[in-house]
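> Have a look at this prediction, sequence included:
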Amino acid sequence: MSTSAASHLSPAFPERAAWGTAAKLRAWQQEALTAYLESDAKDFLAVATPGAGKTTFALRIAAELLQRGEVRAITVIAPTEHLKVQWSEAAARVGIQLDPKFSNSSAVHSDEYDGVALTYAQVASRPDLHRRRTEDTPTLVILDEIHHGGDARSWGDGIREAFSAATRRLSLTGTPFRSDTNPIPFVRYELDEAGVLRSAADYTYGYAAALRDAVVRPVLFLAYGGAMRWRTKAGDEIAARLGEPLTKDQMAQAWRTALDPKGEWIPSVLAAADKRLTEVRRHVPDAGALVIATNKTVARAYARILESLTGEKPAVILSDDAGSSARIEEFAAGDSRWMVAVRMVSEGVDVPRLCVGVYATSTSTPLFFAQAVGRFVRARKRGETASVFLPSVPVILEHAATMEVERDHALNRKTDPESEASMWAEEEGMIAAANRTEKTVGLEEESFEALESDAHFDHVLFDAQQFGLHADVGSAEEQDYLGLPGLLEPEQVSALLHERQAKQSKATGRRSREADAPVSAHRALAAQRKELNKLVAAYAKKTGAPHANVHMELRRACGGPELAAASSEQVTARIEKVRNWFVGRR
């Protein structure tokens, strides 16, 4: 510990003194501790990337303030029930006892506790109760993931009323703040050079710095596109490729089609992720993997797919209750391969052995994405890497490419009200979903029907650079990237990716030259007829018309003889015509 930080330390209770001297803080934690102790401010905001160790930092401060006698109670506020338990367990390891079962109805806890762990929702439901508790005893309030406390919202109003009288408040966050312009309680705002009010952190430790310090793992993002087909609420069938330019609505529907467990995209990506996990486990034997699903229905379906792939039942975490906490802890302490969860595991949950992830949710906010990726970046030893499989959706790929960009909460910037409102609704909805247990709606809504999907490997994104070219699922080119060693330094990852991209480019060039070689007319025409027959079959299925009738209609529209006697040019015209019919152009 630095001399400056040590100079503020006071004689401690035996168990806390042992922790304070025996537990070695990371450099950033020591620096932040010094900043906190020297500031002597009532409010302090620490922004540190997921996986950096915010909990250890906060508990070190709690121990110091208890030792000084400056506070006599600790109150921790967390987003979910599971995180209350996680905070209580972490605090117990350093001699601080928190009650995670504190109930608003009973409003008391045993004298053996130094404080309580609550959820934001719990505070919002009885802010008057928690205000009285805070006024009665000098209290340090730790607000974990403070971005959930947006003012003029029930959670923000609740914590403002409950904790304005706190002796000290320590606010923590590891992700971008919300995109709205409502101030967050207990956060300081300052004017920047452009005249915009932005949140001012008292200490910041970003992903880029944590990566340099080997505090977090480097992340390989593996993007997968594919062909999608769906039916709209108007009854129209649409075909498009995920990863190619689409309208906003088409992209959303193609994305949902990809995530449908009845298609081929999800099974293909889960199989690829399991291959990656097998490779990682050669070097990291207890490495685990997590699928983040949109809702309970698809989570169960994904679990069945994984069981058929691996022969092992994955842990399934569907709601934020005591049973779920136990299942998460069991998975974290074991060495089983897969866990499937709905949203709640995306924020703050600590399972350090998670090395492989599948982002199988349609949630697109930067807040949620950063928290989700944060589940995989906690470093245990040098060389461990994280691998996260993504759909080739522009907004998600943009989040992945800008992981190292630090964001502040801006209050008076110009915004798109419709866009901002949408992001608010999505974030509020996902928080509510994390804490409810009722049945959720699946992908098969009345207004939308996913029909079919397939997958192909698009590229790897690493250090904001793309590597690799399109490759078929199961191909040697895809395996080149799935088979990267599980223990690599960032420089080695980059070197191998450059090497494998060069190899793939060379192989692709060779195949292209072979494809340019002369092909006999009869083979080329046979391939065209095969393509036309596939399109006719799909259109016949869509319309209910016999195949022969569709062929006859094409002959009337394009001219020419029966298919067996048609020329290459005539077959090409019919292919174009039937493709136009699919999108409603006659």
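That came through fine. These figures come from a predicted structure and were not determined experimentally. Numbers count the residues shown, from 1 in each chain.
> When you work out contacts or count neighbours from here on, use the C-alpha atoms and nothing else.
Will do.
> Thought Q570 was touching Q528, still the case?
No. With the criterion set as Cα atoms under 8 Å, Q528 and Q570 do not qualify as a contacting pair; they are 10.2 Å apart.
> Doesn't V76 belong to a strand?
Yes. Following the definition DSSP: H, G, I helix; E, B strand; the rest coil, V76 is counted among the residues of a strand.
> Tell me the spacing between it and T119.
8 Å (Cα to Cα, to the nearest Å).
> which neighbours do these two share?
Shared contacts of V76 and T119 (Cα atoms under 8 Å, 6 or more residues apart in numbering): K84.
> Settle it for me: which of the two has more neighbours?
Taking V76 and T119 together and counting by other Cα atoms under 10 Å, V76 has the greater number of neighbours (25 against 20).
> and A464, how far is that from G53?
Here A464 is placed at a distance of 24 Å from G53 (Cα to Cα).
> Ignore what I typed, I meant L98.
Between L98 and G53 the distance is 19 Å, computed by Cα to Cα.
> These two: which is more packed in?
The neighbour count for L98 versus G53, taken as other Cα under 10 Å, is higher for L98 (27 against 18).
> mind listing what the more buried one touches?
Per Cα under 8 Å, 6+ apart, neighbours of L98: I74, W87, S88, A91, A92, Y113, D114, G115, V116, A117.
> out of those, which are inside strands?
When DSSP state E is applied, those are split such that I74, G115, V116, A117 fall in strands.
> would you turn the residues you listed into JSON lines with distance to V395, neighbour count and pLDDT?
Listed next are these as JSON lines, based on distance: Cα to Cα, whole Å; neighbours: other Cα atoms under 10 Å; pLDDT from 0 to 100:
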{"residue": "I74", "distance to V395": "40", "neighbour count": "27", "pLDDT": "97"}
{"residue": "G115", "distance to V395": "41", "neighbour count": "24", "pLDDT": "95"}
{"residue": "V116", "distance to V395": "39", "neighbour count": "23", "pLDDT": "96"}
{"residue": "A117", "distance to V395": "35", "neighbour count": "24", "pLDDT": "96"}
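> As CSV, these with distance to L172 would be great.
Putting these into CSV (distance: Cα to Cα, whole Å) gives the following:
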residue, distance to L172
I74, 15
G115, 18
V116, 17
A117, 15
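> quick one: which two of those residues are the most distant?
Spatial extent of these (Cα to Cα) is set by the pair I74 and A117 at 8.4 Å.
> Now name the helix or strand holding Y224.
Using DSSP states H and E, the element containing Y224 is strand 219-232.
> Tell me which residues are up against that strand.
Under the criterion Cα under 8 Å, 6+ apart, residues 237-243, 253-254, 257-258, 265, 269, 377, 385-392, 397, 400, 447-462 lie in contact with strand 219-232.
> Just the buried ones from these?
237-243, 253-254, 257-258, 265, 269, 377, 385-392, 397, 400, 448-462 (16 or more other Cα atoms under 10 Å).
> Would you enumerate the residues in contact with the residue nearest to Q465 when sequence neighbours are not counted?
Leaving aside its sequence neighbours, Q465 sits nearest to A401 (Cα to Cα, 6 or more residues apart in numbering; 7.7 Å). Listed by Cα under 8 Å, 6+ apart, the contact partners of A401 are L461, F462, D463, A464, Q465.
> so which one among the residues you listed has the lowest pLDDT?
Comparing pLDDT over the contacts of A401, the lowest score belongs to A464 (80).
> tell me the mean pLDDT for the strand holding Y224?
Taken as a whole, strand 219-232 has an average pLDDT of 94.
> just stretch 531-547 next, same as before
82.
> Then stretch 100-112?
If you average the pLDDT values across stretch 100-112, you get 87.
> Then stretch 571-586?
If you average the pLDDT values across stretch 571-586, you get 80.
> and if you look at stretch 147-159?
Here the average pLDDT along stretch 147-159 is 78.
> So which bits of that stretch are buried?
Taking 16+ other Cα under 10 Å as the neighbour-count basis, stretch 147-159 is seen to contain the buried residues H147, H148, G149, G150, D151, S154, W155, G156, D157, G158, I159.
> Now intersect the residues you listed with the strands, please.
Going by DSSP E, the strands hold none of the buried residues of stretch 147-159.
> from those residues, which ones fall inside helices?
When DSSP state H is applied, the buried residues of stretch 147-159 are split such that S154, W155, G156, D157, G158, I159 fall in helices.
> now the fourth one: how far from A92?
Between D157 and A92 the distance, using Cα to Cα, works out to 30 Å.
> for R72, what are its contacts?
L66, D114, T137, P138, T139.
> repeat for A48
A48 neighbours (Cα under 8 Å, 6+ apart): K54, L172, T173, G174, T175, T204, Y205, G206, Y207.
> wait, which of the residues you listed is closest to R556?
T175 (60.1 Å).
> Please save the CA atoms from the host helix or strand of E553 in PDB.
E553 is located in helix 547-558, with elements delineated by DSSP H and E. As requested, C-alpha coordinates have been extracted for helix 547-558 and formatted as PDB (Å, rounded to 0.1, in the frame of the first residue of the first chain):
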ATOM      1  CA  HIS A 547     -44.600 -26.700 -58.300                       C
ATOM      2  CA  ALA A 548     -45.700 -27.200 -61.900                       C
ATOM      3  CA  ASN A 549     -48.000 -24.200 -61.800                       C
ATOM      4  CA  VAL A 550     -45.100 -22.000 -60.500                       C
ATOM      5  CA  HIS A 551     -42.900 -23.200 -63.400                       C
ATOM      6  CA  MET A 552     -45.800 -22.500 -65.900                       C
ATOM      7  CA  GLU A 553     -46.300 -19.000 -64.500                       C
ATOM      8  CA  LEU A 554     -42.500 -18.300 -64.900                       C
ATOM      9  CA  ARG A 555     -42.600 -19.400 -68.500                       C
ATOM     10  CA  ARG A 556     -45.500 -17.100 -69.200                       C
ATOM     11  CA  ALA A 557     -43.700 -14.200 -67.500                       C
ATOM     12  CA  CYS A 558     -40.300 -14.700 -69.100                       C
END
